[in-house]
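Novice: Just a sequence and a predicted model for now, questions to come.
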Amino acid sequence: MGVTELGKLIPDSARKTLEFTQLSNRVIALDAYNALYQFLASIRQPDGTPLMDSKGRVTSHLSGLLYRTINLLEYKVWPVYVFDGKPPEEKAIEIARRRRVREEAMDKWIKLLESGKREEARKYAQRALFLTDDMVEDAKRLLKLMGIPVVQAKADGEAQAAVITRDGKAWAAGSQDYDSLLFGAPRLVRNLAITGRRKLPNRDEYVEIKPELLDLNEVLRALKLRDRTQLIDLAILLGTDLNPDGVPGIGPQRALRLIQEFGSLEKLLQGPLKNAQFPTDPLKIRDYFLNPPSNPNYEVNFTEPNERELLDFLVHEHDFSEDRVRNAIDRLKKALSRRRESTLDSFFG
């Protein structure tokens, strides 16, 4: 994907590896779909089968959401989960492509399982990720019962997260993707949902993954770009969700040189790219990133956990271990009480 290509251009000098203590007492506006897909990919049985309850409903995302959120709270990192709304029409091509990829991966996974090739099957299972409406609603319900803020975006969750951050209601946006920077988030924190020791794909090696901070202004300086508009123009040349293929034949380094030399898409379209074909007007794509639809009426409020309904939802509806859930609720209550103490200290300090 183009935004991944953009990430390849950002040098290590513009990335800062963090310890969780450095995020203490920070509110992070997390791209909920991004986090849920990561939980679905990582929380699976050896053959790639996701965790499920007795009715065959997938629960990997709920398990990840419960325990990762509590882990964040115990570090005094205060997550706000932002859920996608209706995608723009221009994103239909990319959505269809992702569905095809998942369907093909699902077919290969099933065939490999039937052949007894469990280890090989797992890598395809991780690509065959489908997040259904019911799974999303269950995730929202869990978070609300935990007392964690849920924000419904009008369109892109990352755009809404950027708005929350620019409004000062969050310190940074949280996502694996780089779109948050294009949407104007002043800071982006990556790896929040996947920190810890992780196995490298297709290798018997492990790496330690820690949170990573990217500051928008630092990224612009490192790439020698004037402003966010130029960063968006660069991303459009490489490809975004609204124009997945970018401009054929133009790689990351050449795209960066073109933006640095010509300064804008307009000049490129009048010059070296006058014959380039775009499925969607590139200037319209730029405007979408500069002025995305957003929900102005969002709220960021942490509340008391609903212990009784949490037990009913997780244990009785989805077959979680009662002992484990009770222990998780105790941790959750203690962590949220620390937020109230921190808020009071900040108010009176």
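Specialist: Sure, I can see it.

Novice: Quick one: residues contacting Glu5.
Specialist: 238-239, 246, 251-252 (CB atoms under 8 Å, 6 or more residues apart in numbering). All C-beta spots, glycine's among them, are computed from the backbone N, C-alpha and C.

Novice: hey, where'd the helices end up in the stretch 1-150 of the chain?
Specialist: All helices of the stretch 1-150 of the chain, identified by DSSP state H, counting those that start in this stretch, fall at 2-9, 32-42, 60-74, 92-114, 118-125, 133-146.

Novice: Please convert the buried members of the contacts of Glu5 into PyMOL selection syntax.
Specialist: Only the buried entries of the contacts of Glu5 go into this PyMOL selection, using 16 or more other CB atoms under 10 Å:
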select buried, resi 238+239+246+252
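
Novice: Narrow the contacts of Glu5 to those in helices?
Specialist: 238, 252 (DSSP state H).

Novice: Present the contacts of Glu5 as TSV; the columns should include pLDDT and distance to Asp179.
Specialist: Output for those, formatted as TSV (pLDDT from 0 to 100; distance: CB to CB, whole Å):
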residue	pLDDT	distance to Asp179
Leu238	94	12
Gly239	92	12
Gly246	90	15
Gly251	91	20
Pro252	94	16
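
Novice: for the contacts of Glu5, which one is nearest Lys55?
Specialist: Closest approach to Lys55 among those (CB to CB): Gly239, at 40.2 Å.

Novice: Next, count neighbours for Gly7.
Specialist: 18 (other CB atoms under 10 Å).

Novice: quick check, nearest of the contacts of Glu5 to Ala222?
Specialist: Of all these, Ala222 sits closest to Pro252, with 13.5 Å by CB to CB.

Novice: Is it correct that that closest one is in contact with Lys8?
Specialist: Yes - counting by CB atoms under 8 Å, Pro252 touches Lys8, with 5.5 Å between them.

Novice: and Gln152, how many residues sit next to it?
Specialist: Around Gln152 there are 15 other residues, counting by other CB under 10 Å.

Novice: Next, count neighbours for the closest residue to it other than its chain neighbours.
Specialist: Distances taken as CB to CB, 6 or more residues apart in numbering place Phe83 nearest to Gln152, at 5.5 Å, with adjacent residues excluded. When counting by other CB under 10 Å, one arrives at 20 neighbours for Phe83.

Novice: how about Phe83, what does it touch?
Specialist: Applying CB under 8 Å, 6+ apart to Phe83 gives the contacts 32-33, 136, 140, 150-153, 157.

Novice: Please check these and keep the buried ones.
Specialist: Listed as buried from the contacts of Phe83 are 32-33, 136, 140, 150-151, 153, 157; burial here means 16+ other CB under 10 Å.

Novice: would you list every one of the helices in the stretch 201-349 of the chain?
Specialist: Taking DSSP H, counting those that start in this stretch as the test, the helices found in the stretch 201-349 of the chain are 216-223, 228-238, 252-262, 265-270, 282-290, 307-311, 322-348.

Novice: Just list what the first one packs against, helices and strands only.
Specialist: Translated: helix 216-223. helix 228-238 (3 or more CB pairs under 8 Å, 6 or more residues apart in numbering; DSSP states H and E).

Novice: how far out from the middle of the chain is stretch 300-315?
Specialist: 24 Å (CA atoms, centre = their mean, to the nearest Å).

Novice: can you list contacts of that stretch?
Specialist: 27, 62, 66, 78, 80, 141-142, 145-149, 151, 164, 169-170, 320-322, 325-326, 329, 332-333, 336, 339.

Novice: cutoff 7 Å now
Specialist: Residues outside stretch 300-315 that contact it (CB atoms under 7 Å, 6 or more residues apart in numbering): 27, 78, 80, 141-142, 145-149, 164, 169, 320, 322, 325, 329, 332-333, 336, 339.
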